[in-house]
Structures are given as structure tokens and as C-alpha cells.
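Enquirer: turn this into a model:
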Amino acid sequence: MKICMLSLNSYNVLSSGNGAQHVGGAETQVVAVGEGLARRGHDVSFICLDHGQPDGIRMPSGIRVFRSSAADAGLPGIRFLWPSITSVWSAIGRADPDVCLQACSDSWTGVAAAWCRRHKRKFIFIIMSNADCNVQLPFLKTRRERILCRYGLRRSDGIIAQTEVQRDMLWRNYGFQSSVVRPCSKAAGSESLVRQESENPAAEVLWVGRFSPEKRLEWFLDISEKVPSLTFHVVGGANSETRYCKSLESRATALPNVVMHGYVPHDEMTRVYRSCGILVSTSHCEGFPTTFIEAWAHGVPTVTSFDPDGIVAKHQLGYVGENVDELAAGISRLADHSDEYKTASLNARSFYKRNHDADTVAASFERVIVQTTL
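Expert: Prediction:
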């Protein structure tokens with residue numbers, strides 16, 4: 001089949017770091033799925049922003065990349081219509097897919113759905129966050145984004161959710177059916193992921209993400225103050241220079257046991273996971289965090305305030321906490337009890353192999369795509 005992924009910010013992942021710096025969880029997940037589908041013999045293409053790459057360039061994975069316009073092309077006020085939409089529609093046309101997939105609720109959900117409707121092709125939407133299932137679409141800032149996103153949702157031929165919670169939310173809020181497929185990640189695709197062994201791997205604690213209110217980095221900094229004997233590593237940065245972000249950076253640099261790494265290229269994250277022993281998530285809203293998959297692939301347990309489908313607690317992959325004190329207690333427990341740490345580490349690696357291997361996930365996507373196009 002000819003399968004097209006509309007994922008404008010994915011060129012960095014597809015090209016192993018030769019595009020723009022933007023790399024989010026959605027991009028690493030859809031690229032892993034796309035490469036898995038290509039390995040299964042499908043003709044896979046991606047629509048990405050113009051970073052100066054040739055149009056229709058073929059990646060080593062076999063995926064072809066068709067370019068839309070550059071992010072800053074055109075005049076303010078009209079650039080979304082021209083050249084953004086026109087270039088995306090043109091790029092999809094050059095890919096000429098049987099089915100088009102798009103992840104994350106935004107304006108492009110509606111743009112992709114409209115192209116497919118006009119050209120009698122199938123459209124599949126991929127949920128990436130629980131917020132995608134909320135009728136208020138809280139992370140979309142403009143009325144235009146919300147209108148186009150709802151248009152795309154209502155005209156999708158199939159919807160793929162990451163968790164049972166998302167499937168239930170989508171049914172309750174929209175009355176839409178969806179298929180649950182666990183996600184995978186390009187950074188977790190190797191079978192030779194062995195972490196560096198140390199006397200106490202749990203002494204190095206990791207947080208990865210962008211500095212935004214829903215990620216609650218301030219909780220991680222609070223935890224570092226409660227557990228001064230451990231080292232806390234922060235990977236990521238701010239998408240914009242807000243007062244909130246500046247205050248976080250100022251506070252973090254003043255803490256003696258906090259190491260700020262800034263932006264780390266995606267293809268170098270394996271080194272980070274191998275050197276740290278615990279991944280911490282302080283978010284209050286997620287989908288299925290890519291960082292969880294990548295950490296579990298390396299046998300790194302998770303201490304988190306967000307537990308997708310209760311997986312962390314049910315399968316003993318770490319600890320779940322509702323506040324700073326509970327998260328700090330979970331980290332301390334893993335750091336102080338080597339037997340519990342080793343059990344959680346083995347559970348994490350085993351759970352990844354059973355549920356998040358890229359080829360297994362690609363086969364599940366393939367089944368949904370085939371059913372949708374019948």
C-alpha cells in the first residue's frame with residue numbers, strides 16, 4: 001500500500017539530526033511506525049517542512065520525504081493559507097497515497113482530512129495525548145485550530161488510540177470508535193540496548209521534556225531539594241522565553257545537585273538513558289510518553305505522576321505518586337533498595353520487548369490500515 005504520514009516536524013528524526021532541532025514524542029513515534037511499515041513492504045512517505053532538503057528524497061529506511069513550505073514562508077496573516085496549506089496539499093498529491101495518517105490534534109488534522117475527502121482517499125487520525133480526546137481541545141490556542149481539528153476528527157475513516165483511557169474518552173466525548181495500538185519509538189529500536197552498570201544506577205535521576213506548565217518541571221526541582229544525595233538531570237528547554245521558563249532555569253542552575261543539559265539531539269539520547277537509572281515524569285496530562293518507551297528499552301524504571309492505563313503500577317515498572325512527596329519517596333525507595341531497583345529494571349525491559357517493539361507495533365498499525373481501506 002501507499003501510506004503517507006503528514007508530520008511536518010519529523011525531518012530531524014528521519015534524517016538523524018540533519019533538519020531543524022525540533023524533536024517531540026509524536027515525531028519519534030510516527031517515524032518508528034513509518035519505518036516499521038516500510039520494512040513490511042509498504043511504500044511509505046512523509047510530508048515535512050522545507051529545511052533545504054531535495055523534494056522526494058529517499059531515506060536509508062526506504063521512506064520518501066516530500067517537502068511542504070518552510071515554517072516561516074509567506075506573509076503573516078495569510079501564510080497558513082498560502083503557502084502552508086497549498087504546499088501541504090501539493091506534497092500529499094505528489095506522494096499519491098492510498099491512505100494518509102496524521103498525529104496530534106491541530107489544524108493539520110482538518111487539512112489532511114479535507115485532502116483525503118476531496119481525492120477519495122482514506123484518512124486515519126492518531127491520538128497522541130489525552131487532550132486530543134477532550135472536546136475543549138485545551139492545548140489548541142486559536143478558534144481556527146479547534147474548528148479544523150474537529151472537522152478532521154469527524155471526517156476520519158479510522159482513529160488509533162494509544163491507551164484504553166483514550167478510547168473511552170473518545171467514545172464518551174465524541175461517540176467515535178477507535179483502535180488501541182501501543183506506541184513505539186525510533187530511539188528504542190535497537191536490540192542491543194545495554195545500560196552502563198554502576199554501583200548505584202538509581203543515583204542518577206532523569207527528567208526529559210519541554211518547559212511548559214503541564215510538564216511541571218518545578219515538581220522535579222522540588223524533589224531534588226528533598227533528596228539532596230542524588231543527582232537530577234534535566235534534558236530539554238523552553239519553546240519560548242516566558243517568565244515561567246526563565247524562573248525555572250534560574251532556580252535549576254542554583255541547585256547544586258541539578259544538571260541542566262539543555263537540548264540533546266535525539267540520536268544522542270541513548271547515551272543519556274544509558275547513564276541514568278530512573279526516569280521521572282511530573283506531567284499532569286500526557287498520552288503515552290515516548291520517554292517511557294525509550295527508558296524501558298534500556299531497563300530504566302519510571303517514577304511518575306501520570307500512569308497510562310495504570311501500566312507502571314500494574315507491572316511494577318517503578319512507582320506512581322500524586323504529589324512531590326510521593327514521587328520523592330518512590331525515587332528514594334528505588335535508590336535505597338537495590339533488589340527492588342533490579343526487579344523494576346528487569347520488568348521495564350521485559351514490558352518493552354512484549355509491547356513496544358517497533359515491528360510488533362507496525363504490524364498492529366498495518367492491521368488497522370488494511371481494515372480501514374477495505
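Enquirer: so Q29 touches C184, yeah?
Expert: Yes - Q29 is within contact range of C184, at 6.6 Å (criterion: CB atoms under 8 Å). In this view, the C-beta of every residue, glycine as well, is placed from N, C-alpha and C.
Enquirer: neighbour count: these two, which is higher?
Expert: C184 (31 against 28; other CB atoms under 10 Å).
Enquirer: does the more buried one touch A32 like I think?
Expert: Yes - using CB under 8 Å, C184 makes contact with A32 at a distance of 4.6 Å.
Enquirer: just grab the bridge partners of I126 for me.
Expert: A103, I160 (DSSP bridges).
Enquirer: what about it, distance to P60?
Expert: Between I126 and P60 the distance, using CB to CB, to the nearest Å, works out to 24 Å.
Enquirer: neighbour count: the two, which is higher?
Expert: Shown here are I126 and P60; by other CB under 10 Å, I126 has more neighbours (28 against 9).
Enquirer: quick one: that one from S224, how far?
Expert: In this view, I126 and S224 are 35 Å apart by CB to CB.
Enquirer: tell me where the stretch 1-150 of the chain has helices.
Expert: Along the stretch 1-150 of the chain, counting by DSSP state H, counting those that start in this stretch, helices occupy 11-14, 25-39, 86-95, 107-119, 143-154.
Enquirer: of all those, which one comes closest to H337?
Expert: Set against H337 and scored by CB to CB, the helices of the stretch 1-150 of the chain come closest in helix 25-39, at 30.3 Å.
Enquirer: could you point out the longest helix of this structure?
Expert: Longest helix in the chain, counting residues (DSSP state H): helix 338-355.
Enquirer: check which element follows it along the chain.
Expert: Next helix or strand after helix 338-355 toward the C-terminus (DSSP states H and E): helix 358-373.
Enquirer: and that following helix, what does it pack onto?
Expert: helix 25-39, strand 99-103, strand 122-126, strand 158-161 (3 or more CB pairs under 8 Å, 6 or more residues apart in numbering; DSSP states H and E).
Enquirer: where among the ones you listed is average confidence lowest?
Expert: Among the helices and strands packed on helix 358-373, helix 25-39 carries the lowest mean pLDDT, a mean of 94.
Enquirer: who's in contact with it?
Expert: 3, 5, 7, 9-10, 12-14, 44, 46, 61-63, 101, 103-104, 126, 128, 183-189, 266, 287, 289-291, 294, 358-359, 361-363, 365-366 (CB atoms under 8 Å, 6 or more residues apart in numbering).
Enquirer: and if you look at stretch 209-220?
Expert: In contact with stretch 209-220 (CB under 8 Å, 6+ apart) are residues 24, 139, 207, 232, 234-239, 244-245, 248-249, 251-252, 280-285, 291, 305, 324, 327.
Enquirer: pick the most deeply packed of the helices of the stretch 1-150 of the chain.
Expert: Comparing the helices of the stretch 1-150 of the chain by mean neighbour count (mean count of other CB atoms under 10 Å), helix 11-14 ranks first with a mean of 27.
Enquirer: how far does that helix sit from the chain's center?
Expert: 13 Å (CA atoms, centre = their mean, to the nearest Å).
Enquirer: again with stretch 55-67
Expert: Taking CA atoms, centre = their mean, one finds stretch 55-67 lying 21 Å from the centre of the chain it belongs to.
Enquirer: over to stretch 281-291?
Expert: On the basis of CA atoms, centre = their mean, stretch 281-291 sits 9 Å off its chain's mean C-alpha point.
Enquirer: contacting residues around it?
Expert: With CB under 8 Å, 6+ apart as the criterion, stretch 281-291 contacts 24-26, 28-29, 127-132, 162-163, 166, 182-183, 185, 187, 207-209, 214-217, 219-220, 279, 292, 302-306, 308, 327.
Enquirer: in strands, which of those residues fall?
Expert: 207-208, 279, 302-304 (DSSP state E).
Enquirer: so which of these is the closest to Y151?
Expert: Using CB to CB, the ones in strands among the contacts of stretch 281-291 come closest to Y151 at V208, 33.1 Å.
Enquirer: so who does that closest one touch?
Expert: V208 sits next to 235-236, 269, 272, 279, 291 when contact means CB under 8 Å, 6+ apart.
Enquirer: ok, of these, which one's closest to N200?
Expert: L279 (15.9 Å).
Enquirer: and E241, how many residues sit next to it?
Expert: 9.
Enquirer: roughly how far apart are it and L140?
Expert: Distance, E241 to L140, by CB to CB: 22 Å.
Enquirer: just to revisit the earlier point, closest to G74 out of the helices of the stretch 1-150 of the chain?
Expert: Comparing those by CB to CB, helix 86-95 comes nearest, at 9.3 Å.
Enquirer: output that closest one as CSV, nothing but the C-alphas.
Expert: This file holds the C-alpha atoms of helix 86-95, laid out as CSV (Å, rounded to 0.1, in the frame of the first residue of the first chain):
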residue,chain,number,x,y,z
THR,A,86,-1.3,24.8,-0.6
SER,A,87,2.2,23.3,-0.3
VAL,A,88,1.0,20.5,2.0
TRP,A,89,-1.8,19.6,-0.3
SER,A,90,0.6,19.6,-3.2
ALA,A,91,3.1,17.4,-1.3
ILE,A,92,0.4,14.9,-0.4
GLY,A,93,-0.6,14.9,-4.1
ARG,A,94,3.0,14.0,-5.1
ALA,A,95,3.0,11.2,-2.6
